[in-house]
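Trainee: Following is a predicted model, sequence given first.
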Amino acid sequence: LVTAVIVVAAGSGQRLGYGMPKAAVPLGGEPILMHALRGIVASGVASQVCVALPPGDEGLRRLCDDFREELADGGPLLTVVDGGSTRAESVRAGIAALMEGIEAVLVHDAARALTPESVFHRVCDSLVAGAAAVIPVVPVVDTVKMVAATTGGDAAVAPELVTGTARREELRAVQTPQGFTLGTLLRAHEAAQALDQQQAAAVTDDAMLVEMLGTAVHAVRGSTQSLKITTPLDLIFAEGLLEGPLG
Ligand code: CTP
Ligand code: MG
């Protein structure tokens, strides 16, 4: 399948708190985005890599231009677009810039900069085997409960009350790259534009939009190395991973 990878890198990185877009934050002396791009290209799955950047960020744009120079002949086409104000809008900006002939699209968070090549391969293999949508997942290590804000007298005891416990064996934490046939991703994001603001805000990944279409989403094994660098603690983990891979 002729495959594109849309790299969403347009976020501001509020929770990381570096006062710069997360994609530009140094990890092992290089911007997070650089690690993400290297990993994607090394996997060899992409005919096109389309990066959604924070609008107006000249530094990251230059980084992409320099990386394009580094790419060998026969390497992927690297394109850059302005991202949007939400992750989904950044994905849509990427979709709009896909080249002719793309059959499958992987949507990948720049923040999952250390994703192993094997994860890209498992996602692509599943698409080749006939999946319309596939996500990498890992088991959940914590017990996960539902809660609601406490009301009345209980509010003095604690701010929240447990309303249920999920069966952990059935839970998975979801990562990227998420893979889709082009038609599936187009339909999913077209449907997303009909959602109201509150519904749209509850959409945290692309697979969720595919689920809303009633299309089957398949799950393959992800990797703990694909952690999303979100908080300062995650950056410490990522620096540790650069020292040497997990066993
Ligand atoms: N993203 C994007 N466009 C947005 C928001 C997010 O391309 N408008 C991307 C981020 O760059 C990141 C991925 O989506 O690679 C996952 O988002 P998240 O981890 O939330 O990153 P940020 O939004 O940058 O972080 P924060 O929410 O802490 O501000
Ligand atoms: Mg965010």
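Mentor: Received it, and whenever you're ready, just let me know what you need. Ligands and ions are numbered 1, 2, ... in the order given.
Trainee: just the strands in the protein please.
Mentor: Using DSSP state E, the strands of the chain run over 3-8, 26-27, 30-31, 48-53, 77-82, 104-109, 133-139, 145-149, 160-165, 172-174, 178-181, 218-221.
Trainee: got the residues of the chain near ligand 1?
Mentor: The chain comes close to ligand 1 at residues 8-15, 22-23, 52, 83-87, 90, 109-111, 228, 230, as judged by C-beta under 6 Å from any ligand atom. In short, each C-beta sits where N, CA and C put it, glycine included.
Trainee: could you redo the last one with a cut-off of 5 Å?
Mentor: 8-15, 22, 52, 83, 87, 90, 109-111 (C-beta under 5 Å from any ligand atom).
Trainee: Can you report how many residues neighbour whichever residue of the chain sits closest to ligand 1?
Mentor: At 2.0 Å from ligand 1, residue 11 is the closest residue in the chain, using C-beta to the nearest ligand atom. Using other C-beta atoms under 10 Å, residue 11 is surrounded by 21 other residues.
Trainee: Export the strands of the chain to a markdown table and append columns for mean neighbour count and mean pLDDT.
Mentor: Below are the strands of the chain laid out as a markdown table (neighbours: other C-beta atoms under 10 Å; pLDDT from 0 to 100):
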| stretch | mean neighbour count | mean pLDDT |
| --- | --- | --- |
| strand 3-8 | 27 | 98 |
| strand 26-27 | 16 | 98 |
| strand 30-31 | 18 | 98 |
| strand 48-53 | 27 | 98 |
| strand 77-82 | 18 | 98 |
| strand 104-109 | 27 | 98 |
| strand 133-139 | 21 | 98 |
| strand 145-149 | 11 | 96 |
| strand 160-165 | 11 | 96 |
| strand 172-174 | 16 | 98 |
| strand 178-181 | 26 | 98 |
| strand 218-221 | 16 | 98 |
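Trainee: Can you lay out these as CSV showing distance to residue 115?
Mentor: Formatted as CSV, those follow (distance: least, C-beta to C-beta, whole Å):
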stretch, distance to residue 115
strand 3-8, 11
strand 26-27, 13
strand 30-31, 16
strand 48-53, 14
strand 77-82, 18
strand 104-109, 7
strand 133-139, 8
strand 145-149, 29
strand 160-165, 31
strand 172-174, 13
strand 178-181, 12
strand 218-221, 12
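Trainee: Which among these is found nearest to residue 210?
Mentor: With C-beta to C-beta as the measure, strand 133-139 is the member of the strands of the chain nearest residue 210 (4.4 Å).
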